[in-house]
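1. below is the sequence, then the predicted model.
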Amino acid sequence: MQAPGAAVCLFLGLLLLLLIINDAVMWHVIPLIVITILAEIVRAMTKYSRTGDIVATVLMCFSSFGYYGQIWFNRAYTYECAVEEMPAGYGDTLMSVSPVWAFPVVVAAGIIVPVLATNVYMKKHAGIDK
């Protein structure tokens with residue numbers, strides 16, 4: 001999209017979903033706002049070029065990071081919520097399948113997957129090779 005507002009549209013959609021599921025807390029909304037602003041700034045600075053779109057896509061892939069990022073950055077709270085809200089054993093399972101080393105893997109996947117997806121989309125649907 002060669003115009004401003006693509007990231008804002010995604011932000012509004014995600015915010016609406018968070019409001020619908022009654023989960024629009026600051027832990028989720030503030031990272032979403034910051035990432036949206038960064039994505040729009042990158043797109044504007046690159047004059048809405050393909051490179052800017054790819055970088056913005058990577059940034060927006062982390063737009064839900066506040067939602068799952070707390071698994072690593074707020075472990076005690078996440079565990080407490082899991083114990084209170086989920087079936088028995090869920091909290092322990094969540095902690096065991098989300099070790100600290102998994103964080104860089106999630107970040108790497110959050111960069112590699114959108115870059116590949118954007119390249120495929122640009123070539124297949126937008127007719128843009130470079």
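-> Cool, the structure landed.

2. after the lowest-mean-pLDDT helix or strand in the chain comes which helix or strand?
-> Least confident element among the helices and strands of the chain, by mean pLDDT, DSSP states H and E: helix 65-73 (a mean of 75). For helix 65-73, the succeeding helix or strand toward the C-terminus, using DSSP states H and E, is helix 75-85.

3. how many neighbours does residue 33 have?
-> Residue 33 has 14 neighbours, counted by other C-beta atoms under 10 Å. The C-beta positions use only the backbone N, C-alpha and C, and glycine is treated the same way.

4. give me phi/psi at it?
-> phi -60, psi -50 (degrees, to the nearest 10).

5. how far away is it from residue 17?
-> From residue 33 across to residue 17, the span is 15 Å (C-beta to C-beta, to the nearest Å).

6. hmm, what's the outermost residue in this structure?
-> In the chain, residue 88 marks the outermost C-alpha relative to the chain mean, sitting 28.6 Å out by C-alpha atoms, centre = their mean.

7. report the secondary structure state of that one.
-> What DSSP: H, G, I helix; E, B strand; the rest coil gives for residue 88 is coil.

8. can you tell me the helix or strand for residue 22?
-> Assigned by DSSP H and E, residue 22 falls outside every helix and strand.

9. dump the residue contacts of it.
-> By C-beta atoms under 8 Å, 6 or more residues apart in numbering, residue 22 lies in contact with nothing.
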